[in-house]
Structure formats: structure tokens, C-alpha cells
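# the following comprises the amino acid sequence and a computationally predicted model.
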Amino acid sequence: ARAWRGIIEEYRDRLPVTDATPVVTLLEGGTPLVPAHRLSQMTRCEVFLKVEGANPTGSFKDRGMTMAISKAAEDGAKAVICASTGNTSASAAAYAVRAGMTCAVLVPNGKIAMGKLAQALVHGARLLQVDGNFDDCLELARKLSVDYPVALVNSVNKYRLQGQKTAAFEIVDTLGDAPDVHCLPVGNAGNISAYWMGYKEYAKDGVASRTPRMLGFQASGAAPFVKGEPVLKPQTIATAIRIGNPASWDLAVAARDESGGAIDSVTDRQILAAYRLLAREEGVFVEPASAASVAGLLQASERGEVAAGSRIVCTVTGNGLKDPDWAISGAPAPTTIKVDAHSAASELGLT
Ligand code: F0G
């Protein structure tokens, strides 16, 4: 076996790169596809988790960022900018370091998880907290990239989705074909569009015999696709997907409709229940937004929308350590003891 080389080298012939493209990589991708035993039992399906929190900066964004930053470097960019609910900024900051570029990030003030803020800061990004939501940040970032010499690396950058489509390739490469159903959280709607691109490409070239039904899930307080129009004041505890006006609207609608799928919503309560279930029953710690895919699968299964025996992949998009507050607040306070085996044993109920 040889070492994983990052998504650009692994899928070079399927990506818009040439010998002139400087590959800026942290060896992203190659993430685990973990069989989910409890979820399989609950849904009477064969469920797998694509654990994207195992990427170098802890989210799927690294797949798109290696492409966006490599292409920006090829174009001679010295600076990049993005709007973010946290993960894009963490990824952009890290890849900008690798490329020797400066990185500016615009985040909604007070609405991004602490771990993600820490990542942007430790990698030396110029971070501005904007008094507005993600949609306001994106509008601002777009303006700045037009008026100033700074490259935009949000998913409206066409290279981002090219990189992100490699997750679908990996799934087919591992399973031997596409699954029946693919579930994932939807925020700015880039990822569902990218997966669909990847699945379609593999089917067209005969690498897969079919494409899956794409099931996207938004938080109920930030569900523009369910509403059919932008949401002015999106609200959810899943800050990563607290987005009211998704940039990849048309692509996501096409993914939904061409695949025979759906974009539905789940409540914050369902998201947190799935978040705890993943941690306690599957041993996989994700951030709340990531659990929307699993909350959605459980809802669809209960409603009879997925046939028993289906092969299902749920993408869990980000690492739980990015937003540990929700893990701590739901757990009993730890007990403190003296250095004493007897009290330890008695506290642990071993006696
Ligand atoms: N899950 C996580 C953990 C995310 O960070 C995001 C998006 C999504 C799901 C939704 O993906 O936007 O492609 O539909 N985060 C972006 C960010 C918006 O700025 O980090 P999407």
C-alpha cells in the first residue's frame, strides 16, 4: 500500500489541474466510510457514515480548499478572502499558510463555534466579525473580491465544488458502486451540488452503474429550500448551516430533482438527538450541523421514505471538537476525587 496523496493527486485526471498548477495540499480526503451498526438496525438499511471530520482541518471544506487555493496560486494570487460560518474560514486559513498567502475571513459576529474561531486565529488569518449573518458576510466578501486584489474562495468559486465532488468518488471506489441513497446537511448548498456532480460523472463514465437519490436536510429555522424562498433571519443551534440565502440554489435544486431526491428540514431537537446518538451509539463525534444528515435519515425512515434494505451513506461533515459546548452542556458534571483507589472504585460503581 502507498500513502494517500491528497485529492488532487489521487483524482488528478478528473480535476481541472495541469502540470502548471502548484498543488497546495494537506493530504485531505481518503476519509473513513464507517459502517453504522445502530443506525442500520434502526432503519433496517445498510448505513455508512462518511466521516469528513477526519480531514486535516476537521471538515469536508479541505477538499474544495486544496483546489481553490492551488488554482489561486496558479493565477498568482497573494491574498484570499471568504465568508464563513466557521469551517470554510478554518480551512482557508490553513491552506493559505501552505501557499504563503494572506487570508481574510468574514464571520457572523458571535455565531461561529469556538474551535473554528481558534483555527482561523492560530493560522494567522485576518478575521473580521461582521454584525450580520452569513448571507451578509458572503455579499461583503463578493464585493471585496471584485473591488480589491483578493481571490474569493467560497463555494461560488468553481474550483471548490470540483474538489468536493471527490468525496462521491471515494464512496463509489470503496463500495464498488453508488449507494441507493445519500444523505447530507444543506447550508449554502455547495456540498450537495458537488456530490451530485461526482456521482453523475462516475455514472456517465461507467465507474458506477447508477446514481443515488440525494436527500438534503436543513435546520427548520434555516430552511429556504423547504420554504421555496430565502429566509431573512435564519436561526438554528447548528451554526454551520445557519444560512438563509444559499449561493448554490439552482445546482442544489437540480441535484434534488435529477436524482429523484428531496431537501427537507429537521428541528434543532432532532439534530441534537442525532448528535448524541452518533456519539453514544456509533462512537463518532460530529458537530451539530453534521448530525442533520442522520436526523434526516431517521425522519425519512420513520415516514417510510426509504425502503428497507437500502444502502445509505450519510455524510457527517465536521468534527465534534469544533463545537464542544453542546457535548459538555448535555452531560452531567464530572465528579472530583482524591488520589484514592477506593473512592474511584466506589464512584465508578465497581464495588
Ligand atoms: N456541515 C458543516 C459542518 C458545514 O460547515 C457546512 C457549511 C455544511 C454542513 C453545509 O454545506 O454549505 O455546502 O451546503 N459550512 C460553510 C462554512 C457555509 O462557511 O463553513 P454547504
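Sure thing, it's come through. Numbers count the residues shown, from 1 in each chain.

# list the contacts of residue 196.
By CB atoms under 8 Å, 6 or more residues apart in numbering, the residues touching residue 196 are 168, 211, 214, 251, 254, 255, 258, 259. (Glycine included, C-beta is placed from N, CA and C.)

# and the fifth one, helix, strand or coil?
When states are read from DSSP: H, G, I helix; E, B strand; the rest coil, the local structure at residue 254 comes out as helix.

# count of residues packed around it?
15 (other CB atoms under 10 Å).

# about what we covered before: which among the contacts of residue 196 end up buried?
168, 211, 214, 251, 255, 259 (16 or more other CB atoms under 10 Å).

# restricted to strands, list the residues you listed.
residue 214 (DSSP state E).

# so which two of the buried ones among the contacts of residue 196 are the farthest from each other?
211 and 251 (15.0 Å; CB to CB).

# re the thing from before, for residue 85, state which of the contacts of residue 196 is nearest.
For the contacts of residue 196, the nearest to residue 85 is residue 251 (18.9 Å; CB to CB).

# quick check, pLDDT for that closest one.
What the model reports as pLDDT for residue 251 is 98.

# next: residue 2.
According to the prediction, residue 2 has pLDDT 89.

# pull the contacting residues for it.
No contacts exist for residue 2 under CB under 8 Å, 6+ apart.

# ditto for residue 254
193, 196.

# how about the residues of the stretch 51-200 of the chain near the ligand?
Within the stretch 51-200 of the chain, the positions near the ligand by CB under 6 Å from any ligand atom are 59, 61, 84-88, 155, 185-191.

# could you redo the last one with a cut-off of 5 Å?
Residues of the stretch 51-200 of the chain lying close to the ligand (CB under 5 Å from any ligand atom) are 84, 85, 87, 88, 185, 186, 187, 188, 189, 190, 191.

# any of these buried? List them.
Members of those classed as buried by 16+ other CB under 10 Å are 84, 85, 87, 88, 185, 186, 187, 188, 189, 190, 191.

# closest one of those residues to residue 47?
residue 185 (15.8 Å).

# tell me what the closest one is bridged to.
residue 217 (DSSP bridges).

# that one: what's it in contact with?
By CB under 8 Å, 6+ apart, residue 185 lies in contact with 191, 216-218, 238, 240-241, 289-290, 292-293, 296, 315, 317.

# which of those residues has the most neighbours?
residue 290 (35 neighbours).

# and that residue, what pLDDT?
98.

# against residue 40, how distant is it?
18 Å (CB to CB, to the nearest Å).

# same question, residue 227
Residue 227 is 32 Å from residue 40, by CB to CB.

# do the same with residue 168
Distance of residue 168 to residue 40, computed by CB to CB: 21 Å.

# I'd guessed residue 17 sits against residue 6; true?
No: between residue 17 and residue 6 there is no contact under CB atoms under 8 Å: 11.5 Å.

# common neighbours of those two, please.
Residues touching both residue 17 and residue 6 by CB under 8 Å, 6+ apart: residue 23.

# residue 221: neighbour count?
For residue 221, the neighbour count with other CB under 10 Å is 17.

# surely it is within a strand?
No: Residue 221 is assigned helix when assessed by three-state DSSP, not a strand.

# residue numbering should commence at 6 henceforth.
Okay, residue one is now 6; in that scheme the one you just asked about reads as residue 226.

# what's the nearest residue to it if we skip its chain neighbours?
Nearest residue to residue 226, sequence neighbours excluded (CB to CB, 6 or more residues apart in numbering): residue 240, at 3.8 Å.

# quick one: which helix or strand includes residue 140?
helix 139-152 (DSSP states H and E).

# following that helix, which helix or strand shows up next?
Next element after helix 139-152 (DSSP H and E): strand 156-157.

# buried residues in whichever helix or strand comes after that following strand?
Later in the chain than strand 156-157, the nearest helix or strand by DSSP H and E is helix 163-169. Within helix 163-169, the residues that count as buried by 16+ other CB under 10 Å are 164, 165, 166, 167, 168, 169.

# which strands and helices lie in contact with helix 163-169?
helix 66-79, helix 195-209 (3 or more CB pairs under 8 Å, 6 or more residues apart in numbering; DSSP states H and E).

# rebuild those helices as CSV, extending it with mean pLDDT.
As requested, those are exported to CSV (pLDDT from 0 to 100):
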stretch, mean pLDDT
helix 66-79, 98
helix 195-209, 98
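
# out of the helices and strands in this structure, which is least certain?
Scoring the helices and strands of the chain by mean pLDDT, DSSP states H and E places helix 330-334 at the bottom, with a mean of 92.
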